[in-house]
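In: The following comprises the amino acid sequence and a computationally predicted model.
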Amino acid sequence: MLSEQEIQLLTSYVDGELNQRQRKAATRLMNKSSEARALVKELQENAHKVKMLPKHKVEPSLVDEIVKAIEESKAQPKQPAPPLRRVWLPYLTASLAAAILIAVIGFLYWQSIPVSDFGTKDIAATDKVIEPKLDPKFDPKIEQTPPWKPNPLLAQITEDTFGGFGAPVPIDKVFTASFREFQKAGVMASQFTHELNREKSVNVDVTVKSNKDALLRLRTILAERGINLIADPATNKASDDKKVEYLVYAESLTSDEVTRLMSELSQSYVVGMKNSQKTVLSPYNHMTLKPTAKDDRQQLAKALGVEASTLEPKDRKDLKPNPQHDKVAVLVPANASRPAAELAEFAQRRSTQPGTVQVVIRIRQE
Amino acid sequence: MSADDNRLIRECRTGNTAAFGELVSRYQDRLFNTVLRLVNNAEDALDVVQESFLHAYQSLHSFKGDALFFTWLYRIAVNTAISMKRKQKPVLRIHTGDDKAAIDPLDSAESNRPGHAIEMAEEERQVHEGLAKLSAEHRAVLVMKDMEGMKYEDMAAILEVPIGTIRSRLHRARLELRDILIQLQKREA
């Protein structure tokens, strides 16, 4: 009886996509197992049958139909769409505004200062030393610089402009989208990737219709994508209790891979066997992405049984790539307090990779 | 990309529809045969091919030229076909031969040999039926691999999924097709 791994090796052999070492392993397997030989023969024959399906020629009139359709609809090739977000534009606008403001303030300031303050200017203008005219009430022991009152307009502008610098800095806007919007990929997915690339560590709060369905779907997609899932055994019986939340943690995926994962989670899918198949809508509702907060990190650290400081994101650009690294995701109940053995092992041998993003997905049933 | 394709694309971008007609003429058969296996119906396949060419024409500005024009076109067609299959409710199609009204076999000489023709037709029908029972994703990877001889890497680029996904889809698709063909042979034995 061939193992699943051996069957996979043999199907890849039929695909002609094995490296030398794998090919040798496949050959060894076929040499010792008649079942392996029979399977390969059968799969190769089927591949040949697909290949030999008759080829057809399309009627030449299709060309005319397409050209006619293009001309009728006057469908000109569209011009490239302007970039969705000109990231530099707000900065340029702000810089210009600041420059103009500084110029205006500078001018008003210069205007508001008494001419006598520019003694050297006066001297230069007259080329004479001007004797100060002493006020008869002047007492040299007391410094009597007259209180300078700024131009009221200048005072107002200064207050309005710089007063804000003392105010709390507003928190960055979070990215939020429904999974339905994500189905269309394109714009939303690009924005999501952009937001991922801005941060070293992000938290994605996800709401779902059913914890159970959402986790099942997640497991399927991760498996399809070759991402190894290390799950706390408590997640095997996912609860549709609204109070139970789940955390998915990944630190070996690129931003593109995370976006693709979210995109696949947004798609409807087929369940059931052959004749009783039905299409099921995605159980995922909504997502909100924001930089990982301290509390999120502490909760995750507790679930993984590590110090929160060890989860601080590193600058992954400086890391050396390891081609052997596994793509791994971790699934734990958010309220886990003691890590399962698998998770403890993961925590011990985890390694960060360049070009990846640290992501915590919090799954919550609505 | 061939220099000739490049020239035609440049001309298309200036609004020369005849140049696009040349591109259609060059790739329509190859595209049609792949799409036909994906959608199992000549009429639908023609719709997909036509829609794909129109979409390609309107999106020519986004074609960067870093891949083959056919690969790019193929990506549009495969995604259109998969999308069509997802939208369609499962229906029972009876292969009447009417599909061939719009198409001619390339090699009619081989099919003229009576005994061979019957065997081939039977085998073809079974494979056709087997492919039709697969999901759109599984069918797509099998057609790309076995009919077009594509590498995992190219398939991953076209379907915009990781290579690991292609490998596992092909693995499951091959085993599933094998099981289906065994069942069909048993049923008809």
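Out: Noted; the coordinates are in hand.

In: Enumerate every residue touching residue A:15.
Out: B:145, B:152, B:167, B:170 (Cβ atoms under 8 Å, 6 or more residues apart in numbering or on different chains). C-beta: built from backbone N, CA, C; applies to glycine.

In: ok, it to residue B:4 distance?
Out: 32 Å (Cβ to Cβ, to the nearest Å).

In: Could you list the buried residues of stretch A:99-114?
Out: A:105, A:108 (16 or more other Cβ atoms under 10 Å in any protein chain shown).

In: tell me the mean pLDDT over that stretch?
Out: Here stretch A:99-114 scores 77 as its mean pLDDT.

In: Stretch A:52-62 too?
Out: 84.

In: mind listing the strands for chain B?
Out: With strands called from DSSP state E, chain B shows them at B:103-105.

In: Spatially central, which residue of it would that be?
Out: Taking Cα atoms, centre = their mean, the centroid of chain B lies closest to residue B:34, which sits 1.9 Å from it.

In: so that one touches residue B:76, yeah?
Out: No: here residue B:34 does not reach residue B:76: they are 12.0 Å apart, not a contact under Cβ atoms under 8 Å.

In: I'd like the average pLDDT over the lengthiest helix in chain B.
Out: Ranked by residue count and defined by DSSP state H, the top helix of chain B is helix B:163-188. Helix B:163-188 shows a mean pLDDT of 92.

In: Tell me the gap between it and the middle of its chain.
Out: Its chain's C-alpha centre and that of helix B:163-188 lie 18 Å apart, by Cα atoms, centre = their mean, to the nearest Å.

In: if we can go back for a sec, against residue B:70, how distant is the residue nearest to the centre of chain B?
Out: 10 Å.

In: Where does pLDDT dip in chain B?
Out: B:1-3, B:66, B:85-117 (pLDDT under 70).

In: do chain A as well
Out: A:73-92, A:112-174, A:183-187, A:273-277, A:314-325, A:351-353.

In: domain ranges for it?
Out: A:4-51, A:106-166, A:175-316+A:325-365 (automatic domain parsing).

In: give me the element whatever residue of the stretch 201-350 of chain A ends up closest to chain B is part of.
Out: The nearest approach of the stretch 201-350 of chain A to chain B comes at residue A:226, 2.8 Å away (Cβ to the nearest Cβ). Using DSSP states H and E, residue A:226 sits in no helix or strand.

In: Quick check: phi and psi at it.
Out: With angles defined as degrees, to the nearest 10, residue A:226 sits at phi 70, psi 20.

In: My read is that it contacts residue B:166, right?
Out: No: at 9.8 Å, residue A:226 does not count as touching residue B:166 under the criterion of Cβ under 8 Å.

In: More neighbours: which of these two?
Out: residue B:166 (28 against 15; other Cβ atoms under 10 Å in any protein chain shown).

In: hang on, isn't that one packed against residue B:151?
Out: No: applying Cβ under 8 Å, one finds residue B:166 not in contact with residue B:151, separated by 9.3 Å.

In: what about the closest residue to chain A within chain B, neighbour count?
Out: Per Cβ to the nearest Cβ, residue B:164 is where chain B lies closest to chain A, at 2.8 Å. Using other Cβ under 10 Å, residue B:164 is surrounded by 16 other residues.

In: Go ahead and confirm it touches residue A:228.
Out: No: contact between residue B:164 and residue A:228 fails when scored by Cβ under 8 Å: they sit 10.6 Å apart.

In: which residues of chain A fall in helices?
Out: Counting by DSSP H, the helices of chain A are A:4-15, A:20-32, A:34-51, A:61-72, A:88-112, A:119-126, A:152-162, A:179-183, A:186-198, A:211-224, A:255-266, A:294-304, A:341-349.
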